[in-house]
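K.L.:
Fold the stuff below for me.
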Amino acid sequence: MDNDALREMNWRERLYTIIFFTNTDAGRRFDTWLLVVIFASLVVVMFDSVASINQRHGMLLAGIEWVFTALFALEYITRVCVHPAPRKYIFSFYGAIDLLSVVPAFIALLFPDAQYLLIVRVIRMLRVFRVLKLTHYLSQANFLLVALRGSRQKIVVFLLSVSTLVVVYGTLMYVIEGPSNGFTSIPMSVYWAVVTLTTVGFGDIVPHTALGKALATLVMITGYSIIAVPTGIFTAELANAMRDDSVLHYNCPSCAKGVHDANAAFCSRCGSRLFERLEEAPRHPERDESPPPAD
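P.N.:
Below is the predicted model of the structure:
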């Protein structure tokens, strides 16, 4: 969109185009300066968490933070006002993040430590993908989402099995060691079982009896045996997702073979041409270059 077309719009359409899109010079400048302000506000929040800096410059940092909060609140209200479907923006991903970047400052008036929740503004830096035209990289995240959905049931079953296992181990250790050796309750013993099974090993609670040490050894061996299970499940699903993306589901007009390499022009079974004309070739959904959606 050129600047002449932008000038022909009314003020609301012009603001909507500038704020929500990057296909104009003004829109790119707005998003660039927005990212700079977001980054600056994150630096202020991080410096404010340092005790020595907070003691010397706490009031100054608080004043700067309220300036940033006012700017973000004004930006959020403007986005809601100029968007043609305000409810759609409010309940969108970016709409929720934009709101959460403002709310903690007001919660901090009642609970001072809540101001550090303003670090959620770092999520707003995702807009850098739109500004730098990196949106097509985000399409690769679809593989991860497909793999997570495909492995969800397996991972849930795995977690339920591990949860049952740590309860059993924790209860046994409570019976074997007892309160005299630091295992004061079954929940505390389950905590020990989780720490040991995951090979973290804080060492705040340790068995003292020979039978307890034997059980701890069994828990450690079990932990090494199962720790790679969720990784293997997810990796297998990710490989399947990438394999499905690398094939083309199109019936050969001669032998009716339905699966071919994604870039194949001829059938691997009979050698016939798959597409009579180039425009007949089905486009791959992940490779379609379409403009990024609005917030």
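
K.L.:
Show me which positions of the longest helix along the chain end up buried.
P.N.:
For the chain, the helix with the greatest residue count under DSSP state H is helix 141-177. For helix 141-177, a neighbour-count test (16 or more other Cβ atoms under 10 Å) marks 143, 146-147, 150-151, 154, 162, 165-167, 169-170, 172-174, 176-177 as buried. Just so you know, the C-beta spots here come from the backbone N, C-alpha and C atoms, and that holds for glycine as well.

K.L.:
If you average the pLDDT over the one helix or strand residue 13 maps to, what comes out?
P.N.:
Residue 13 belongs to helix 11-20 when elements are defined using DSSP states H and E. Across helix 11-20, pLDDT averages out at 86.

K.L.:
so what does that helix touch, helix or strand wise?
P.N.:
On a contact count with 3 or more Cβ pairs under 8 Å, 6 or more residues apart in numbering; DSSP states H and E, helix 11-20 meets helix 3-7, helix 25-48, helix 51-82.

K.L.:
tell me the angle that helix makes with helix 51-82.
P.N.:
Interaxial angle of helix 11-20 relative to helix 51-82 (axes from the mean of the first three to the mean of the last three Cα atoms, to 10 degrees): 140 degrees.

K.L.:
Export only the CA atoms of helix 11-20, formatted as CSV.
P.N.:
Taking C-alpha atoms only, helix 11-20 is exported to CSV below (Å, rounded to 0.1, in the frame of the first residue of the first chain):
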residue,chain,number,x,y,z
TRP,A,11,-8.5,9.0,10.3
ARG,A,12,-9.9,5.7,11.8
GLU,A,13,-8.9,3.6,8.8
ARG,A,14,-5.6,5.3,8.6
LEU,A,15,-4.8,4.5,12.3
TYR,A,16,-6.0,1.0,11.8
THR,A,17,-3.7,0.4,8.9
ILE,A,18,-0.7,2.0,10.6
ILE,A,19,-1.2,0.2,13.9
PHE,A,20,-2.1,-3.3,12.7
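
K.L.:
That one vs helix 25-48, what angle?
P.N.:
Here helix 11-20 points in a direction 50 degrees away from that of helix 25-48 (the same axes, to 10 degrees).

K.L.:
buried sites along helix 11-20?
P.N.:
14, 15, 16, 17, 18, 19, 20.

K.L.:
ok, now how distant is the residue nearest to residue 269 when sequence neighbours are not counted from residue 273?
P.N.:
Excluding its sequence neighbours, the residue lying closest to residue 269 (Cβ to Cβ, 6 or more residues apart in numbering) is residue 257, at 4.7 Å. Distance, residue 257 to residue 273, by Cβ to Cβ, to the nearest Å: 13 Å.

K.L.:
which residues of the stretch 51-200 of the chain score low on pLDDT?
P.N.:
Low-confidence segments of the stretch 51-200 of the chain (pLDDT under 70): 114-116, 118, 126-141.
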